[in-house]
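Participant: Predicted coordinates and the sequence they were generated for:
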Amino acid sequence: MNNSLAEILSELKADFSDSADLTIRNLTLKSERQIKAAIVTIEGLCDKEQLSQSVINPLLPYDFKSMKGAEAADIILNSVMASSDVVVIYTKAEIISFITSGFAVIIVDGAQQMFAVGVQGYSFRGVNEPESEVVQRGSREGFSEPLRVNMSLIRRRMKNPDLVFEQMTVGSESKTQLMLCYIKSRVSAKLLGKLKKRLNKCNLDSVLASGYLSEYLEDEKSSRLFSGVGISERPDTVCGKLTEGRIAVIVDGTPAVLIVPRLFVEEFQGVDDYSNRTYYAAFIRLTKYLSFFAALFLPGLYVALAQFHPEYFPTGILIKTSESLAQTPLPVTLETLAITFIYEIMKEAGLRIPKSLGHAVGIVGALVIGESAVNAGIISSSTLMVVATAAICSYVTSPLYPPVTMLRFIFIIIGGLCGLWGIVIATAVMIISMCSKTSLGVPYMSSLAPFSLRTMRDVFVRADWKSLSKHIIKVQRFKETEV
């Protein structure tokens, strides 16, 4: 880059169109040659007090005597600068990248090298407990928005020099920074190469959240219904996956970290599983599997049995269900679809409205849609109970909520049109689709398909830690042959 201070500042002003938040502090260094210098920052991203103490105060009184600009720059780096976070840069692109990240860039007239000084001071949310992954035992810390804070949360737990943070930039306009985090001795080089290749092909203008990248990390010919990319807001969860040879993608500005590859059985595993006793962890895990199947199939099976196969109901339940359905004006299929859809509307309303009004939505749902609709004979009590049970079960495995919700509607429609045989065929198609899915070349249904007896120790039940450590279940690497 041209080492003329005036030209550099002119180009920066042109690039930023003289934006009001571009701040340039012109200086004249104490020397016989009256060396010109400038400190470039972005208003609101740096700490002014820290900038004064570590940069301006040490720089102005120093006597550079008869030095030229290049010599003065060397002295600034080696003898004057009071900050511990200093990066030498040479290009205009680097200047823009650093000042928009909260650094202050020192430019000396006549010097080829420039200095980016870490004086970040923008406001951000502190490290709090994540709301989406609540645990009974374990850390209460969750990821925050700043990239460096999230890196420190992982590094503090993984005191291993093999832990690598590799920086990349995505988004042609946003220039969003992200970090690939992995343990060098355990990650597959082929897997890492695939991930980098897909991120380099990302042609988005802006990346404002980790979810923007999920589709780019999915295998092209795999089923898109279930995601092969994990998302976590807990550093302890991410660290556990890193020891298995996974790769974490930390995106600046978002508290959700992507984990690849992702397996289906991991949707039913939680941090508490490895903190509790084996028998209780196995019970909780089996409960999650049962809840998943109930959330997925219960409304569809209810519709199929009520409309095509009522003989499968026990006599007592058949009488009560028939009486309830006979008093409602809608067919059982349409009634189940309507209640399920209304529930989704209520859920979205509860998420979007202010918290102070959340209780009002619950009261309206319970009194108007629940009790009043049943008493008026608009909906049947048995249908309402089935839909409510499926809705509650779907939150037990919350990461699977989107695909379960879509499949629930599909099974209701198929059950109402084709009965049990239609549900059986649709289930077979779903299983085949899931077994054919891969996550960066790794089978999504690993441990189940292809079947592995050894890794089944941590699927439906969790073996004790002595057994897990003995058979190296948790330290499962994705080797070259597996990718």
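Facilitator: Done, it's in. Treat the numbers as computed from the prediction; the structure is a model and nothing was measured.

Participant: gap between N375 and E323?
Facilitator: 15 Å (CB to CB, to the nearest Å). In short, each C-beta sits where N, CA and C put it, glycine included.

Participant: Those two: which is more packed in?
Facilitator: In this view N375 and E323 are compared by other CB atoms under 10 Å, and E323 has more residues nearby, 12 against 9.

Participant: Would you double-check that the more buried one falls in a helix?
Facilitator: Yes - under DSSP: H, G, I helix; E, B strand; the rest coil, E323 falls within a helix.

Participant: Could you check how far it is from N150?
Facilitator: E323 sits at a distance of 57 Å from N150 (criterion: CB to CB).

Participant: ranges for the strands of the stretch 351-483 of the chain?
Facilitator: 438-439, 442-443 (DSSP state E, counting those that start in this stretch).

Participant: Now render those strands as a markdown table, adding distance to E218, mean neighbour count and mean pLDDT.
Facilitator: Output for the strands of the stretch 351-483 of the chain, formatted as a markdown table (distance: least, CB to CB, whole Å; neighbours: other CB atoms under 10 Å; pLDDT from 0 to 100):
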| stretch | distance to E218 | mean neighbour count | mean pLDDT |
| --- | --- | --- | --- |
| strand 438-439 | 8 | 22 | 84 |
| strand 442-443 | 12 | 21 | 85 |
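
Participant: buried sites along the longest helix seen in the chain?
Facilitator: Among all segments of the chain classified by DSSP state H, the helix with the greatest residue count is helix 401-436. Of the residues in helix 401-436, those buried by neighbour count under the rule 16 or more other CB atoms under 10 Å are 403-405, 407-409, 411-416, 419-420, 422-423, 426-427, 430, 434-435.

Participant: Which segments of this protein make up each domain?
Facilitator: 5-118, 147-262, 277-436 (automatic domain parsing).

Participant: Relative to N128, which of these is closest?
Facilitator: domain 147-262 (9.1 Å; CB to CB).

Participant: what does the average pLDDT come to for that closest one?
Facilitator: The average of the pLDDT scores along domain 147-262 is 86.

Participant: returning to what we had before: tell me which of the domains of the chain sits most buried.
Facilitator: domain 147-262 (a mean of 18; mean count of other CB atoms under 10 Å).

Participant: Now the terminal residues of that domain, how far apart.
Facilitator: This stretch, domain 147-262, spans 22 Å end to end (CA to CA, to the nearest Å).

Participant: Equivalent analysis for stretch 102-118, please.
Facilitator: Termini of stretch 102-118 sit 7 Å apart (CA to CA).

Participant: quick one: that stretch to chain centroid distance?
Facilitator: Relative to the centre of its chain, stretch 102-118 is centred 34 Å away, using CA atoms, centre = their mean, to the nearest Å.

Participant: now swap in stretch 159-172 and tell me
Facilitator: 16 Å.

Participant: ok, now stretch 224-239?
Facilitator: For stretch 224-239 - counting by CA atoms, centre = their mean - the centre lies 6 Å from the chain centre.

Participant: export that stretch as PDB, just CAs?
Facilitator: Coordinates of each C-alpha in stretch 224-239 appear next as PDB, following Å, rounded to 0.1, in the frame of the first residue of the first chain:
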ATOM      1  CA  ARG A 224     -33.000 -31.600   4.300                       C
ATOM      2  CA  LEU A 225     -35.700 -32.400   6.800                       C
ATOM      3  CA  PHE A 226     -33.300 -33.400   9.500                       C
ATOM      4  CA  SER A 227     -30.300 -31.200  10.000                       C
ATOM      5  CA  GLY A 228     -26.800 -32.600   9.800                       C
ATOM      6  CA  VAL A 229     -25.400 -29.500  11.600                       C
ATOM      7  CA  GLY A 230     -25.700 -29.200  15.300                       C
ATOM      8  CA  ILE A 231     -26.300 -25.900  17.200                       C
ATOM      9  CA  SER A 232     -25.300 -25.300  20.800                       C
ATOM     10  CA  GLU A 233     -25.100 -22.400  23.100                       C
ATOM     11  CA  ARG A 234     -23.100 -24.200  25.800                       C
ATOM     12  CA  PRO A 235     -19.300 -24.200  25.800                       C
ATOM     13  CA  ASP A 236     -19.200 -27.500  27.800                       C
ATOM     14  CA  THR A 237     -21.300 -29.200  25.100                       C
ATOM     15  CA  VAL A 238     -19.000 -27.900  22.300                       C
ATOM     16  CA  CYS A 239     -15.900 -29.000  24.200                       C
END
